[in-house]
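Participant: A structural model of the following input is requested.
(4 chains)
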Number of protein chains: 2
Amino acid sequence: MVSSSTIRTNLTENAALDSQHLPALDLETRSTQDDHQALRLWLRMLSCTVRIQNEIRDRLRREFATTLPRFDLMAQLERHPAGLRMNELSRRLMVSGGNVTGITDQLEHERLVTRTLDPEDRRALTVKLTASGLKRFREMAAQNEQWTVELLQGLNREEKQTMLDLLSKLKMHLGQREHTSSVSSSRRRR
Amino acid sequence: MVSSSTIRTNLTENAALDSQHLPALDLETRSTQDDHQALRLWLRMLSCTVRIQNEIRDRLRREFATTLPRFDLMAQLERHPAGLRMNELSRRLMVSGGNVTGITDQLEHERLVTRTLDPEDRRALTVKLTASGLKRFREMAAQNEQWTVELLQGLNREEKQTMLDLLSKLKMHLGQREHTSSVSSSRRRR
DNA sequence: ACTAAATAATTTAGGTGTCAACTAATTGAT
DNA sequence: ATCAATTAGTTGACACCTAAATTATTTAGT
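Facilitator: Predicted coordinates for the structure are as follows:
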């Protein structure tokens, strides 16, 4: 559901010390320990993601003269042959509407997608892949899949599955927090 | 070691189906299965990272009127009170040198860092936090740590540790691949 | 010593990203 | 039926980010 975006976050990891089992700790130190654990996990996650993303960005540029945002937008359209509206793309790619406008402009100019007026709702547009857009995307997608396999080789099948499961859990909780936080934050601000 | 950056990558996850144990599969289908597994893992990782990053970016903007790249650069400087040179910052933040120039410009203008000439090497500059920069950073860092604890609440202590370990392993392999790939890619291209 | 190669930092051009302000169309409460 | 509020999309201003070119300095091979 996310889309190609530039990850930007604080990465300040401190290698080494991956304490395997933490035996009973003084309860007072526990919360600070947990804090550091969360921060370290976040930084390491970000670090890995940025590395992989930078590598894939480079390869897309060198091999296909394109960019990640374009690729991601096309990926969404490939899964939805009937086309998607701008706001749907924005939601799925997790970027702002203005951003989607810009990327769609590029792709339209390259004749890889089309914008068509929605007869149901004259405010809306439907974006679709063109035939050549689809063809181009499939070439890139095949390569992209191989690249991710290569880049994630460091983990074996079981490890990948474990991580996938943990990330699912995390994602679910992030999704839940979404509403409560937007309510509380808008309340906070007015 | 990474720094705040904008993650940009293809996210196209398909919710559901987190098959827990995969019993003996037809060997022929195995490789494709693995491919999809790697791709799904990558997309889910990206999805989670982008969400967390977006949330932290928003909070930094609202509460401190700053940005992630600025925060990340300051975080590096806080760990190195003697200061860092531009190329070191670039390496640690995993962004281009030109980018570091721009962010440093901003922070210097806000009087949060200083650039001083390195007497040892007249090409080089040393960037340091100012007193007010350090004060400001510590306020933000405390909040930032609380935010990450909150955002990663979805995983318990053991789960966070597992994920940290898996990411360490992944990161190590990514680091190893670095050389071989840069060699092979430069060889490929000329 | 001299000069070619390497290194540190900046600049430039262009894509990506945000937010906030805007236009146009639709919805919905009276 | 009307008109305020909402929704879809675009635009503008500005920050970030990269790759490639540029300047200035240092290093190293002869």
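
Participant: pick out the residue in chain A sitting closest to DNA strand D.
Facilitator: Nearest residue of chain A to DNA strand D: residue A:98, at 2.7 Å (Cβ to the nearest atom of the strand). Every C-beta, even on glycine, is put in place using the N, C-alpha and C of the backbone.

Participant: the helix or strand where that residue lies vs DNA strand C: in contact?
Facilitator: Per DSSP states H and E, residue A:98 falls inside helix A:97-109. Yes: on the criterion Cβ under 7 Å from any atom of the strand, helix A:97-109 is in touch with DNA strand C at A:97, A:98, A:99, A:102, A:103, A:106.

Participant: what about the top helix by length along chain A, near chain B?
Facilitator: The longest helix of chain A (DSSP state H) is helix A:27-64. Yes: against chain B, helix A:27-64 shows contacts by Cβ under 8 Å from any Cβ of the partner chain at A:34-57, A:62.

Participant: which other helices and strands contact the helix or strand following that helix?
Facilitator: Next helix or strand after helix A:27-64 toward the C-terminus (DSSP H and E): helix A:68-78. With contacts taken as 3 or more Cβ pairs under 8 Å, 6 or more residues apart in numbering or on different chains; DSSP states H and E, helix A:68-78 sits against helix A:27-64, helix A:86-93, helix A:97-109, strand A:113-117, strand A:125-129, helix A:131-151.

Participant: between the last one and strand A:113-117, how many degrees?
Facilitator: Using axes from the mean of the first three to the mean of the last three Cα atoms, to 10 degrees, the inter-axis angle of helix A:131-151 relative to strand A:113-117 is 130 degrees.

Participant: outside of helix A:131-151, which residues touch it?
Facilitator: A:52, A:55-56, A:59-60, A:63-64, A:66, A:71, A:74-75, A:77-78, A:107, A:111-113, A:129, B:10, B:34-36, B:38-39, B:41-42, B:174, B:177 (Cβ atoms under 8 Å, 6 or more residues apart in numbering or on different chains).

Participant: hmm, try it at 6 Å
Facilitator: A:52, A:56, A:59, A:64, A:74, A:78, A:112, A:113, B:35, B:38, B:39, B:42 (Cβ atoms under 6 Å, 6 or more residues apart in numbering or on different chains).

Participant: for the closest residue to the fourth one other than its chain neighbours, give its distance to DNA strand C.
Facilitator: When the adjacent residues along the chain are set aside, residue A:64 lies closest to residue A:140, with 5.2 Å between them (Cβ to Cβ, 6 or more residues apart in numbering or on different chains). Using Cβ to the nearest atom of the strand, to the nearest Å, residue A:140 is found at 13 Å from DNA strand C.

Participant: neighbours of residue A:140, just the number please.
Facilitator: Residues contacting residue A:140 under the criterion other Cβ atoms under 10 Å in any protein chain shown number 20.

Participant: same question, the one 4 residues further on
Facilitator: Residues lying near residue A:144 (other Cβ under 10 Å) number 23.

Participant: for residue A:156, phi and psi?
Facilitator: Main-chain dihedrals, residue A:156, degrees, to the nearest 10: phi -80, psi 180.

Participant: pLDDT score assigned to the residue lying closest to residue A:96 once chain neighbours are set aside?
Facilitator: Closest residue to residue A:96 apart from its sequence neighbours, by Cβ to Cβ, 6+ apart: residue A:90 at 6.5 Å. The confidence metric pLDDT takes the value 97 at residue A:90.

Participant: residue A:90 and residue A:98 touch, don't they?
Facilitator: No: look at residue A:90 against residue A:98 with Cβ atoms under 6 Å: they stay out of range, at 8.8 Å.

Participant: who's more crowded, the two?
Facilitator: residue A:90 (18 against 8).

Participant: follow-up on the earlier one: now that we have the contacts of helix A:131-151, which one has the most neighbours?
Facilitator: Ranking these using other Cβ under 10 Å puts residue B:42 first, with 28 neighbours.

Participant: contact partners for that one?
Facilitator: residue A:148.

Participant: is stretch A:50-67 in proximity to DNA strand C?
Facilitator: Yes: Stretch A:50-67 lies within reach of DNA strand C by Cβ under 7 Å from any atom of the strand, at residue A:67.

Participant: centre of the chain to that stretch, how far?
Facilitator: Offset of stretch A:50-67 from its chain centre (Cα atoms, centre = their mean, to the nearest Å): 14 Å.

Participant: go through it and flag the buried ones.
Facilitator: Of all the residues in stretch A:50-67, those buried under the rule 16 or more other Cβ atoms under 10 Å in any protein chain shown are A:50-57, A:59-60, A:64, A:66-67.

Participant: hmm, back to that, do the longest helix of chain A and DNA strand D meet?
Facilitator: Yes: Helix A:27-64 is in contact with DNA strand D by Cβ under 7 Å from any atom of the strand, via A:54, A:57, A:58, A:61.

Participant: and for residue A:171, nearest residue in space, chain neighbours not counted?
Facilitator: Nearest one to residue A:171, counting by Cβ to Cβ, 6+ apart, is residue B:48 at 5.3 Å.

Participant: so that neighbour makes contact with residue A:166?
Facilitator: No: contact status for residue B:48 versus residue A:166: not in contact, 9.6 Å apart, counting by Cβ under 6 Å.
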